[in-house]
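Engineer: any chance you could fold what I've pasted below:
(chains A and B)
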Amino acid sequence: MKGAGQILLICLLVFAQHVFATQEFVTVPKGSLNPFWLKPKKNNQKLIYKVKSLQVQISQVTNSDFIEFLKLNPQWTKSQVPALFAEGGYLEQFADDQTVKSGVHLLSPVTSVSWFAARAYCESIQARLPTINEWEYLAAASEKVKDANKNSKFLERILNWYGQPKEISIPQVRSIYKSLYGLHDMHGLVWEWVEDFNSSMVTGESREDTTFNRDLFCGAGSMNSGDKENYAAFMRFAFRSSLKGNSALWNLGFRCVKEASQIKSERK
Amino acid sequence: MQKLLVILISVLSLGAQAQIKGEENAVLTAPPEVPPPITRSHNTKVIVKMEVVEKKMPIADGTEYTFWTFGGTVPGKFIRIKEGDMVEFHLMNHPSSKMPHNIDLHAVTGPGGGAASSFTAPGHSSVFSFKALNPGLYVYHCATAPVGMHIANGMYGLILVEPKGGLPKVDREFYVMQGDFYTKGKNGKQGYQPFDMEKAIDERPTYVVFNGSVNSMTGDGALKAKVGENIRIFFGNGGPNLVSSFHVIGEIFDKVYVEGGTKLINENVQTTLVPAGGSAIVEYKTETSGNLVLVDHSIFRAFNKGALGLMKVEGPEDKVIYSGKQMDEVYLPEGSNIQSSVEKETVTVAKSLEERIKMGKVTFAANCAACHQADGKGIPSVFPPVAASDYLNADKKRAISVVKNGLSGAITVNKEKYNSVMPALGLTDESIANVLTYVYTMAGNSKKVVTPAEVKALKATAPAGGH
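Structural biologist: Numbers count the residues shown, from 1 in each chain, chains lettered A, B, ... in the order given. Model (predicted):
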């Protein structure tokens, strides 16, 4: 029985490794995130989330990667996806089930992709979407330091992107900057899906959120915040809270992660 | 009993239903236009479709800014409904938007003014309904986190809920809204300027403008009206921070609907205070022609940050109401006035020619040098020279008269024409003798000596005319 299981696992692994090419992973060391939305406790002890070492895709999944996925998983094509899992604008940049419209670059991040579809993609390569904490940890790194959330130039670059209307077409991946972890364009190219996007508890009536949830807040509820300067992060939370699982937005893509320990177990 | 209750309830609910007749699409207008007054006497279901667009537009000449807009303009589209109307509000967020948005209408009674119900991701639309219970002029704005930033980027506008009987008829209505803006670069810095959160928190605006840009209401954009018209301005203040002291230079508001309400109508108001997130309706009649200037009377905002707009009033001037300029004269205060106040200082008599020249030099410096210059050479075609001056040297008596009585009109000095006014300086005879004697010693002059007796001998007259 054990032997059979091993064979099956090997088969799966071989299959998975040869399904299609995808963005490569890089190992990001473990670390901690000082969540901006929590005030230091009474004894001034800072609250921190520990983040385990992760394998992270160095750039967003591209249109080209996604086409490979669609070839093997036609249930996620425009014509076949159930409305429950993807709304009307799903894969808006695609001309049909397997080709993009003219003017759309194959190496641009895949966008107008729902959370369900993004999850399915990651699962197909034995990976998953990062959590909010993981994503915020990964995205805090600049070219030079692990936590650049206090660096005004770093924040300014993020905010400039938030503040600019959409470019005529989304640039290709790996075109903005590379963090010291080797991750490209955590900011400045597209928004990215996270596993628990709907847990930020911004109600939409942002000024009410202080009473709604004393820890997770937004807007005028920010009196509970530990880092009032970092309104770029507020905006990400507001953005995520406007999403639904089947949302397909022009500026929203994703990348996958997997546990660093997963590699070891696969090698058994 | 039960039957009666059922009937009673159904009659009551029918009554409530019957008030709303039919439905219509709201006419929405971009500033400074206002939708036409509502003529129907019944209430109806009004469908409002508002699209949120994030776009780059000029905030000043050569300076661009990314505005977040309701309907593509700052302020957003003007909405006009009637007290008691049922509003079905559709908020569409354009797919190209980076941000989710929503709308809080101050005209809505209910939690958040619609904010939670209208929270909309890019490429989505939301619908909610409300009943317009209270008449008045209300602000609407985006309330998505961070709220201040959404407002600072231009997400506000006005919704008018007309009272049951409507507003009195006027000839022209305008939509003007003030907002403060915070850019990374200084006022006037060219090119694209991003939002500056630090300045916004410190309430240090780079621009304070009407209708979304420095030049929205100047040049071709100036509001236009004719003499004798009744004007109504729906004025709002989006903020996010500043309170406006709204004033129209050259007019007095005949009526102000204070704070956009319908009960308190003040009359004969010069400047009305409009809070951030508030409004006022002002009315005045244009009595004469010319340019009226709309300003925030916190005046540096008007002349240095952009809170200034023009209303061109065309038609006949009414000289009784406003004459225009009737006179232009040189005005020199304090003892050098044309209404010559006589010098009362104790007269020091010069004991020698040398002393006379020395004292004359002091008098010249105090009374003459500002125009004729310290070296007496004057300023070509504005102030004639007194050094090397043919006009001076030709006639000593005339020279005395000019200093004693003043001079106005055209004269020719060293072949150049001058047409201006020199006031009578109100100097004593002694001082006039001193100053003229000094002037005659200037380079190129005839070194004549003028005595107090000669000055005294010349009768005081009205200012001499030129020749």
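Engineer: B:Val282 reaches B:Glu259, doesn't it?
Structural biologist: No - counting by CB atoms under 8 Å, B:Val282 sits too far from B:Glu259 to count as a contact (11.7 Å). All C-beta atoms are positioned from the backbone trio N, CA, C, and that covers glycine.
Engineer: between the two, which has more neighbouring residues?
Structural biologist: For B:Val282 and B:Glu259, the more surrounded residue by other CB atoms under 10 Å in any protein chain shown is B:Val282, and the numbers stand at 25 against 16.
Engineer: list the contacts for that one?
Structural biologist: The contact partners of B:Val282, taken as CB atoms under 8 Å, 6 or more residues apart in numbering or on different chains, are B:Arg232, B:Ile233, B:Phe235, B:Phe246, B:Val248, B:Phe253, B:Lys255, B:Val256, B:Tyr257, B:Val269, B:Thr272.
Engineer: so the second one, which state does it fall into?
Structural biologist: Here B:Ile233 takes the strand state, with states given by DSSP: H, G, I helix; E, B strand; the rest coil.
Engineer: quickly list what it is bridged to.
Structural biologist: Per DSSP bridges, the residues bridged to B:Ile233 are B:Phe174, B:Val282.
Engineer: quick one: contacts for it?
Structural biologist: For B:Ile233, the contacting residues are B:Glu173, B:Phe174, B:Tyr175, B:Val176, B:Ile281, B:Val282, B:Glu283, B:Leu294, by CB under 8 Å, 6+ apart.
Engineer: against B:Met311, how distant is it?
Structural biologist: 9 Å (CB to CB, to the nearest Å).
Engineer: repeat for A:Phe239
Structural biologist: With the distance defined as CB to CB, A:Phe239 ends up 42 Å from B:Met311.
Engineer: got it, and B:Val450?
Structural biologist: Applying CB to CB, one obtains 57 Å for the distance of B:Val450 from B:Met311.
Engineer: go on, A:Tyr177?
Structural biologist: When CB to CB is applied, the distance between A:Tyr177 and B:Met311 equals 50 Å.
Engineer: looking at those two now, which is surrounded by more residues?
Structural biologist: With other CB under 10 Å as the criterion, A:Tyr177 and B:Met311 differ in neighbour count, and B:Met311 comes out ahead with 26 against 16.
Engineer: the more buried one pairs with what?
Structural biologist: Legend: beta-bridge partners of B:Met311 under DSSP bridges are B:Leu223, B:Leu292.
Engineer: ok, now which ones touch residue 173?
Structural biologist: Defaulting to chain A. A:Val173 sits next to A:Gln23, A:Ser59, A:Gln60, A:Thr62, A:Leu107, A:Ser108, A:Pro109, A:His184, A:Asp185, A:Leu189 when contact means CB under 8 Å, 6+ apart.
Engineer: that's the other chain; I wanted chain B
Structural biologist: Shown here is B:Glu173, whose contacts under the criterion CB under 8 Å, 6+ apart are B:Val34, B:Pro37, B:Ile231, B:Arg232, B:Ile233, B:Phe234.
Engineer: ok, now with 6 Å
Structural biologist: When contacts are counted by CB atoms under 6 Å, 6 or more residues apart in numbering or on different chains, B:Glu173 touches B:Val34, B:Arg232.
Engineer: are the lengthiest strand in chain B and chain A in contact anywhere?
Structural biologist: Counting residues, the longest strand found in chain B (DSSP state E) is strand B:43-60. Yes - using CB under 6 Å from any CB of the partner chain, strand B:43-60 reaches chain A at B:Glu54, B:Lys55.
Engineer: any idea which helix or strand comes after that strand?
Structural biologist: Next along the chain after strand B:43-60, taking DSSP states H and E as the criterion, comes strand B:63-70.
Engineer: mind listing the helices for the stretch 251-400 of chain B?
Structural biologist: In chain order, the stretch 251-400 of chain B shows helices spanning B:299-304, B:353-367, B:369-372, B:390-394, B:396-405, with DSSP state H, counting those that start in this stretch as the criterion.
Engineer: chain A: which of those helices is closest?
Structural biologist: Judged by CB to the nearest CB, the one of these that comes nearest to chain A is helix B:299-304, at 23.9 Å.
Engineer: mean confidence for the closest one?
Structural biologist: Summarised as a single mean, pLDDT over helix B:299-304 is 91.
Engineer: contacts for it?
Structural biologist: Contacts of helix B:299-304 from elsewhere in the structure, counted by CB under 6 Å, 6+ apart, are B:Val208, B:Val295, B:Asp296, B:Ala307, B:Leu308.
Engineer: tally of neighbours for the third one?
Structural biologist: Using other CB under 10 Å, B:Asp296 has 26 other residues around it.
Engineer: repeat for the first one
Structural biologist: By other CB under 10 Å, the residues close to B:Val208 number 24.
Engineer: again with the fourth one
Structural biologist: Applying the criterion other CB under 10 Å, we find 28 residues in the vicinity of B:Ala307.
Engineer: same check, this time on A:Arg240
Structural biologist: Using other CB under 10 Å, A:Arg240 has 23 neighbouring residues.
Engineer: got a list of what the closest residue to B:Lys285 other than its chain neighbours touches?
Structural biologist: The shortest distance from B:Lys285 to any non-neighbouring residue, by CB to CB, 6 or more residues apart in numbering or on different chains, is to B:Asn230 (5.2 Å). B:Asn230 makes contact with B:Val170, B:Asp171, B:Lys285 under the criterion CB under 6 Å, 6+ apart.
Engineer: need those residues in CSV (columns: neighbour count and pLDDT).
Structural biologist: CSV is the format used below for the contacts of B:Asn230 (neighbours: other CB atoms under 10 Å in any protein chain shown; pLDDT from 0 to 100):
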residue, neighbour count, pLDDT
B:Val170, 14, 97
B:Asp171, 13, 97
B:Lys285, 15, 96
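Engineer: can you give me the buried ones in stretch B:198-205?
Structural biologist: Taking 16 or more other CB atoms under 10 Å in any protein chain shown as the basis for neighbour counts, the residues of stretch B:198-205 that come out buried are B:Lys199, B:Ala200, B:Pro205.
Engineer: can you give the contact residues for it?
Structural biologist: Where contact means CB under 6 Å, 6+ apart, the residues beyond stretch B:198-205 that reach it are B:Gly148, B:Ala152, B:Asp180, B:Tyr182, B:Asn241.
Engineer: how about A:Ser102: what's its closest non-neighbour residue?
Structural biologist: Spatial nearest neighbour of A:Ser102, chain neighbours left out: A:Ala95 (7.6 Å); criterion: CB to CB, 6+ apart.
Engineer: meant to ask about B:Lys169, not that
Structural biologist: The shortest distance from B:Lys169 to any residue other than its chain neighbours is 7.4 Å, reached at B:Pro37 (CB to CB, 6+ apart).
Engineer: then B:Phe70?
Structural biologist: Nearest-residue entry for B:Phe70: B:Gly76, 2.7 Å, with adjacent residues in sequence omitted and distances by CB to CB, 6+ apart.
Engineer: pull the number of nearby residues for that neighbour.
Structural biologist: The number of residues packed around B:Gly76, counting by other CB under 10 Å, is 30.
Engineer: confidence score at residue 122?
Structural biologist: Since you didn't name a chain, this refers to chain A. A:Cys122 carries a pLDDT score of 96 in this model.
Engineer: nope, chain B please
Structural biologist: 91.
Engineer: what kind of secondary structure is the nearest residue to it once chain neighbours are set aside in?
Structural biologist: Taking CB to CB, 6+ apart, and ignoring the residues beside it in sequence, B:Pro122 has B:Ser97 as its nearest neighbour in space, at 4.0 Å. At B:Ser97, secondary structure determined by three-state DSSP is coil.
Engineer: burial of B:Ser97, as a residue count?
Structural biologist: Using other CB under 10 Å as the criterion, B:Ser97 is surrounded by 25 other residues.
Engineer: same deal with B:Leu167?
Structural biologist: In terms of burial, B:Leu167 registers 18 neighbours under the definition other CB under 10 Å.
Engineer: what does B:Met197 give?
Structural biologist: 21.
Engineer: and what of B:Thr428?
Structural biologist: B:Thr428 has 19 neighbours, counted by other CB under 10 Å.
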